[in-house]
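Visitor: Test case, fold it:
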Amino acid sequence: MKVLVVEDEHKIANSIKKGLEQENYVVDAVYDGTSGYDMASGETYDVIILDLMLPDMDGIEVCKKLRENSIHTPILMLTARGQLEDRVEGLNSGADDYLVKPFAFTELLARLKALSRRPKDASGPVLSAGDLSLNTLTYEVKRGNKQIDLSRKEYTLLEYLLRHQNTILTKDQIINNIWDYDSNILPNTVEVYIGYLRNKIDKTFPEKRPMISTVRGFGYKIESEK
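Guide: Below is the predicted model of the structure:
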């Protein structure tokens, strides 16, 4: 899952980024409203964490402009102001949820998971295709009854493939959703990680059908059924 953090307090922004990355999220962080709006408009994110008080353009204006431009990515708004009128203003601008500083990271994480499930994951925390399953709450991956151990990046890649199963995903789509904006990606990085995944979920189970398909000239996909 890919998250954009827009927070002018660098310590808070970097702390959120580090904590979410430890939970297998892909995170971009920027520190002013204009950069936040530009990133949210030009990149694809599953959730945006948006501070209310920002330089250049405040969170209310960023939120309104995104909604006016038909960008409906779920937004969790952060603020040090907890008055009812502030919360109402944030929600009326198009935010989906509101969190008052200081907050516990566990609450932030729970709210993010709830927001990410609203538009496309209403079926629950377990993503599956055939006998392959991934639990987004426990991070447990299984094929049949056998548990599969994945690295963080392998897990994130598999989650992305499962969320878009039966859809061909190009290398550019995978890079944009699995690596953060500042990552240095080599031309064969996607192939390398697809290979790592295949070794663990396909080659380890030679008696079962391969889950990951290569569509030559286009990209990769996981199919729910063949």
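Visitor: could you give me the average pLDDT of stretch 168-184?
Guide: The pLDDT scores in stretch 168-184 average 88.
Visitor: residues of that stretch that come out buried?
Guide: Residues Leu169, Lys171, Gln173, Ile174, Asn176, Asn177, Ile178, Trp179, Asp180 are the ones in stretch 168-184 that count as buried (16 or more other Cβ atoms under 10 Å). In short, each C-beta sits where N, CA and C put it, glycine included.
Visitor: now swap in stretch 6-26 and tell me
Guide: Val6, Glu7, Asp8, Ile12, Ala13, Ile16, Lys17, Leu20, Asn24, Tyr25, Val26.
Visitor: Against Thr204, how distant is the closest residue to Ser151 other than its chain neighbours?
Guide: Excluding its sequence neighbours, the residue lying closest to Ser151 (Cβ to Cβ, 6 or more residues apart in numbering) is Tyr196, at 7.5 Å. Separation of Tyr196 from Thr204 (Cβ to Cβ, to the nearest Å): 12 Å.
Visitor: neighbour count winner among these two?
Guide: Neighbour count, other Cβ atoms under 10 Å: between Tyr196 and Thr204, Tyr196 has more, with 15 against 12.
Visitor: In this structure the more buried one contacts Arg152, no?
Guide: No - counting by Cβ atoms under 8 Å, Tyr196 sits too far from Arg152 to count as a contact (11.8 Å).
Visitor: since we're on the residue nearest to Gly33 when sequence neighbours are not counted, how many residues are nearby?
Guide: In this structure, Gly33 finds its nearest non-sequential neighbour in Met57, 3.1 Å apart by Cβ to Cβ, 6+ apart. By other Cβ under 10 Å, 17 other residues sit near Met57.
Visitor: again with the one 4 residues further on
Guide: Neighbourhood size, Glu61 [other Cβ under 10 Å]: 15.
Visitor: Could you give me the buried positions within the longest helix that the chain contains?
Guide: Looking across the chain with DSSP state H, the single longest helix is helix 105-120. Within helix 105-120, the residues that count as buried by 16+ other Cβ under 10 Å are Leu108, Arg111, Leu112, Lys113, Leu115, Ser116.
Visitor: Quick one: residues in contact with that helix.
Guide: Contacts to helix 105-120, defined as Cβ atoms under 8 Å, 6 or more residues apart in numbering, come from residues 1, 3, 16, 19-20, 23, 25, 46-47, 49, 72, 74, 76, 96-97, 99, 124-125, 136-137, 163.
Visitor: switch the cut-off to 6 Å
Guide: For helix 105-120, the surrounding residues in contact (Cβ atoms under 6 Å, 6 or more residues apart in numbering) are Met1, Gly19, Asp46, Val47, Pro74, Leu76, Asp96, Asp97.
Visitor: from what I can see the first one touches Val26, true?
Guide: The reference is to Met1. No - taking contacts as Cβ atoms under 6 Å, Met1 lies outside contact range of Val26: 7.0 Å.
Visitor: Helix or strand next in line after the longest helix of the chain, which one?
Guide: strand 126-129 (DSSP states H and E).
Visitor: which residues touch that next one?
Guide: Ser133, Leu134, Asn135, Leu162, Gln165, Ile222, Ser224.
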